[in-house]
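Participant: What shape does this take:
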Amino acid sequence: MAKLRLLILFGGASNEYETSCKTAVSVLRTLEDDQYEIVPVGITKKGRWLFFPGETEEIESGKWTENPDCSPAILSPDPAHRGILIMEDGSYTLKRIDVVFSVLQGKYGEDGAIQGLCELSHIPYVGNGILGSAVCRNKAITHALLTAAGIPMPHWIAVSQRNLNRLEREYERIEEQFEYPVYVKPASSNSSIASGIAANRAELAAHVKRAFTQDSTVLVEELVHGREFRIGVFGYDLPFASFVGEMKDGAVTVPADLDDTTAQTIRELAITAYQTLECRSLALFDLFCTERGDILFGEVNTLPELTELSVYPQLMADLGMRYRYLLEKLIEQAVEHADR
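Facilitator: Residues are numbered from 1 along each chain as shown. Have a look, this model is predicted:
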């Protein structure tokens, strides 16, 4: 049986470059065997694409770009190629690809950009499509769609860069609807970057202006106190949800200590949210249980970190989808649903 030629895309010109490389190391070490022919292509922090024929340890150490055997490479948008073009000795060589497995995270990796290139190339690819990726990358759009679908969310307001000349009026609007403290974050960036808690008008203004350095839209939310949970969803036509996991000290405990009715309600809401947002393949949802006992959904990640010890693989492992099996199923369903 012929090997499946798998293009692993890693790195990327985003602030989540290191996370992507860490996922790539885990995926490569798991899939490097007789079943797949692995074609690693890394993207540097400056956006340069390089075919990387070296050892996985070089990605782990961060020195993969220094390998002298790296060659410039591009994923061709021409469907006649269905592969990557690698520059060798001044000319390009075509290497056909069966499946693209992108672990590019953050900007260009989760926002529909790389997904659009894969669509143009007519090569099956792991993960969410253009629409689901773009929608979920923008938290303001995500919040609007989930609120309209009846998914319980924290109270929120979006502030656009179009309103830079009247931010004081925006702050008044926020203060009319919220009590301090509030949580401020850029709409289309990792929430750990340029985000913060504001306890008064001065802090609100400082956080909003800092968040605008990362995105043109800023989200202001009520600050939620309570327990923090994660739930994963997997699949295309008939998606299914993991058991609910609780975050404690940076680690996930599965299943969370919840009554059966609450846990089942969360799983049903997660699937509804997944379908509402046009997700496919996989997604990881953040949610909270407030001190009042209310369940509130937070963010959705359409390309969660996929090391063996990351939250999404752990949630799936609790269902019996061990790490290698999870990766294999992600690849398998990408091929099965390529025509869609």
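Participant: May I have the phi/psi pair for residue 279?
Facilitator: Phi and psi for residue 279, reported as degrees, to the nearest 10, are phi -80, psi 160.
Participant: Could you do the one 5 residues further on as well?
Facilitator: Residue 284 has phi and psi values of phi -120, psi 130 when expressed as degrees, to the nearest 10.
Participant: Spatially, what comes nearest to it if we skip its sequence neighbours?
Facilitator: Distances taken as Cβ to Cβ, 6 or more residues apart in numbering put residue 304 closest to residue 284, at 3.9 Å, once the chain neighbours are dropped. C-beta: built from backbone N, CA, C; applies to glycine.
Participant: hang on, residue 207 in a helix?
Facilitator: Yes - assignment of residue 207 by DSSP: H, G, I helix; E, B strand; the rest coil places it within a helix.
Participant: Average pLDDT for the longest helix along the chain, rounded please.
Facilitator: For the chain, the helix with the greatest residue count under DSSP state H is helix 260-276. Across helix 260-276, the average pLDDT comes to 96.
Participant: Next: stretch 12-31.
Facilitator: Stretch 12-31 comes out at a mean pLDDT of 95.
Participant: quick check, distance from it to the centre of its chain.
Facilitator: Remark: stretch 12-31 is offset 12 Å from the chain centroid, using Cα atoms, centre = their mean, to the nearest Å.
Participant: Mind listing residues that contact it?
Facilitator: Stretch 12-31 is contacted by residues 6, 8, 10-11, 38, 40, 42-47, 56, 59-60, 62, 64, 101, 103-109, 189-190, 193, 305-308, 310, 323-324, 327 when judged by Cβ atoms under 8 Å, 6 or more residues apart in numbering.
Participant: Among the residues you listed, which ones are in strands?
Facilitator: Judged by DSSP state E, strands contain the following of the contacts of stretch 12-31: 6, 8, 10, 11, 38, 40, 42, 43, 101.
Participant: Counting neighbours, what do you get for the fourth one?
Facilitator: Residue crowding around residue 11 was assessed by other Cβ atoms under 10 Å; the count is 29.
Participant: Just the buried residues of the contacts of stretch 12-31.
Facilitator: 6, 8, 10-11, 38, 40, 42-43, 56, 59-60, 64, 101, 103-109, 189-190, 193, 305-308, 310, 323, 327 (16 or more other Cβ atoms under 10 Å).
Participant: Would you agree residue 293 falls within a strand?
Facilitator: No - assessed with three-state DSSP, residue 293 is coil; it does not lie in a strand.
Participant: For the chain, just list every one of the helices.
Facilitator: 17-31, 56-61, 113-121, 130-137, 139-148, 167-177, 201-211, 260-276, 311-317, 323-336.
Participant: what number of residues lie near residue 18?
Facilitator: By other Cβ under 10 Å, 12 other residues sit near residue 18.
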